[in-house]
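Chemist: attaching a predicted model along with its sequence, questions to come.
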Amino acid sequence: MAEAAPTEYFIQGITSTGKRFRPSDWSERLAGVMSCFGPGARKGPNAYMQYSLYVRPTMIGDLKCVILDSRLRDIEPMAFDFVLNFAKDNDLVVTEACELQLEHAPALQTKRHII
């Protein structure tokens with residue numbers, strides 16, 4: 001039986017009233033704060049910045065978004081709540097969905113479809 005894709009929350013850079021959220025780099029800042037959560041997170045003086053697999057910035061069309069993976073709740077519930085509360089406190093639109101890899105995509109180029 002196929003394993004179900006994890007639930008993801010798409011936090012969009014737009015408020016419920018339709019205004020774009022500022023500052024313009026909010027998604028990178030939020031994902032940067034959460035970069036220490038997840039496998040392969042580096043620590044110490046020689047660590048380099050890399051986004052977490054569980055909180056990552058993206059663009060959907062011309063709209064900045066953050067994708068929050070529900071698996072973060074199992075690893076660090078407070079971090080998961082922090083991200084969702086950030087969206088709630090700033091009145092951002094949040095959509096529950098999952099990101100799927102298309103199997104017929106060319107080997108060198110991965111295509112993604114958001115449902």
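Modeler: Good, I have the coordinates.

Chemist: wait, what's in contact with residue 21?
Modeler: Each residue near residue 21 by C-beta atoms under 8 Å, 6 or more residues apart in numbering is listed here: 13, 14, 15, 64, 90, 92. (C-beta placed from N, C-alpha, C; glycine too.)

Chemist: give me the buried positions along the helix or strand harbouring the second one.
Modeler: It stands for residue 14. According to DSSP states H and E, residue 14 maps onto strand 8-15. For strand 8-15, burial by neighbour count (16 or more other C-beta atoms under 10 Å) applies to 8, 9, 10, 11, 12, 13, 14.

Chemist: any idea which of those residues is closest to residue 34?
Modeler: Nearest to residue 34 among those: residue 11, at 11.7 Å, using C-beta to C-beta.

Chemist: report pLDDT for the closest one.
Modeler: pLDDT recorded at residue 11 is 97.

Chemist: separation between the nearest residue to residue 32 once chain neighbours are set aside and residue 25?
Modeler: Counting by C-beta to C-beta, 6 or more residues apart in numbering, residue 49 is the residue found nearest to residue 32 once chain neighbours are left out, at 6.9 Å. When distance is defined by C-beta to C-beta, to the nearest Å, residue 49 is 14 Å away from residue 25.

Chemist: the more surrounded of the two?
Modeler: residue 25 (11 against 7; other C-beta atoms under 10 Å).

Chemist: need phi/psi at the more buried one.
Modeler: Recorded main-chain torsions at residue 25 are phi -100, psi 20, according to degrees, to the nearest 10.
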